[in-house]
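Student: got a predicted structure here, sequence first:
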Amino acid sequence: MVVFQSITVNEYKNNYMTFQLLYAFHQTPFGKCLVAITDTDEDVAYLGFVDDDEAMALRDLTAKWPLTVVSKDTANKTGTVIEKIFHSNDLHSIHVLMKGTAFQIKVWNSLIKIPGGTVTTYEDVARMVDYSSKAAITVGNAISRNYIAYVVPCHRVAAKTHTRNAKYAWGLERKEAILKYERQLFA
């Protein structure tokens, strides 16, 4: 299981200078991604799929970590992390660092507990974090703010009923491809 570490927005304001982020673009089985890791522990602090606009992806990364120095990974440390995530399926050695509200952190942490190859509902995630199933919309909003694709598996959550308004930040076709891959991997 992924090792989940978190920092609240207020903690970040007090500790942002203790690390920098190294970033690079890499190819994955699901398309190009932008990944950023901490320079101290190589914790994944961002992973987003990029279809066209690399500059927009970089803007999103810096918006997520606005106080942190972000530098291009010239030593290819991110390549080692991408290899573990997508090519050796060694997620047990992957550490993530996520910044958000206490509620977002609780929801994101619950996502890594959803077994690979399965899909659950927003209502089930709400119950996992000790909220009423009526909090599904609030949980859905927190899930939609996940910025570490695949590793923090928001792709494993869906509405009870399939709707035409279903969304996935990195595209529904990619979500279906990831789920199909995981069903085969974890079968």
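Tutor: Cool, got the structure. Numbers count the residues shown, from 1 in each chain.
Student: ok, residues contacting the biggest helix by length in the chain?
Tutor: Longest helix of the chain, by residue count under DSSP state H: helix 172-185. Here helix 172-185 makes contact (C-beta atoms under 8 Å, 6 or more residues apart in numbering) with 29-31, 49, 89, 116-117, 119, 150, 155-156, 166, 168. Every residue, glycine included, has its C-beta placed from N, CA and C.
Student: what's the answer for stretch 52-69, then?
Tutor: By C-beta under 8 Å, 6+ apart, stretch 52-69 touches 12-13, 16-17, 19-21, 23, 25, 34, 36, 45-46, 48, 50, 70, 99, 147.
Student: pull the helix or strand with minimum mean pLDDT from the protein.
Tutor: helix 9-15 (a mean of 89; mean pLDDT, DSSP states H and E).
Student: next, the buried residues of that one.
Tutor: Neighbour counts over helix 9-15 (16 or more other C-beta atoms under 10 Å) mark Tyr12 as buried.
Student: kindly report the same for stretch 57-74.
Tutor: 57-58, 60-62, 64-65, 68, 70, 73.
Student: span of that stretch from start to end?
Tutor: 18 Å (C-alpha to C-alpha, to the nearest Å).
Student: average pLDDT for that stretch?
Tutor: Averaging pLDDT along stretch 57-74 yields 97.
Student: kindly report the same for stretch 82-95.
Tutor: Rounded mean pLDDT across stretch 82-95 is 87.
Student: contacting residues around that stretch?
Tutor: 1-3, 5, 26, 28-30, 33, 35, 41-44, 47, 81, 150-151, 185.
Student: run a quick check on Phe19 versus Thr38, I expect a contact.
Tutor: Yes - using C-beta atoms under 8 Å, Phe19 is in contact with Thr38, at 4.4 Å.
Student: break this structure into its domains for me.
Tutor: Following the TED database, the chain resolves into domains at 3-97, 102-186.
Student: compare those and say which comes out lowest on pLDDT.
Tutor: domain 102-186 (a mean of 90).
Student: end-to-end on it?
Tutor: Termini of domain 102-186 sit 31 Å apart (C-alpha to C-alpha).
Student: from the contacts of stretch 52-69, keep the buried residues only.
Tutor: Using 16+ other C-beta under 10 Å, the buried ones in the contacts of stretch 52-69 are 12, 16, 19-21, 23, 25, 34, 36, 45-46, 48, 50, 70, 99, 147.
Student: which of these lies closest to Ile112?
Tutor: Tyr147 (14.2 Å; C-beta to C-beta).
Student: list the contacts of the closest one.
Tutor: So Tyr147 contacts 46-48, 60, 64, 98 (C-beta under 8 Å, 6+ apart).
Student: if you set the cut-off to 7 Å instead, what comes out?
Tutor: 46, 48, 64 (C-beta atoms under 7 Å, 6 or more residues apart in numbering).
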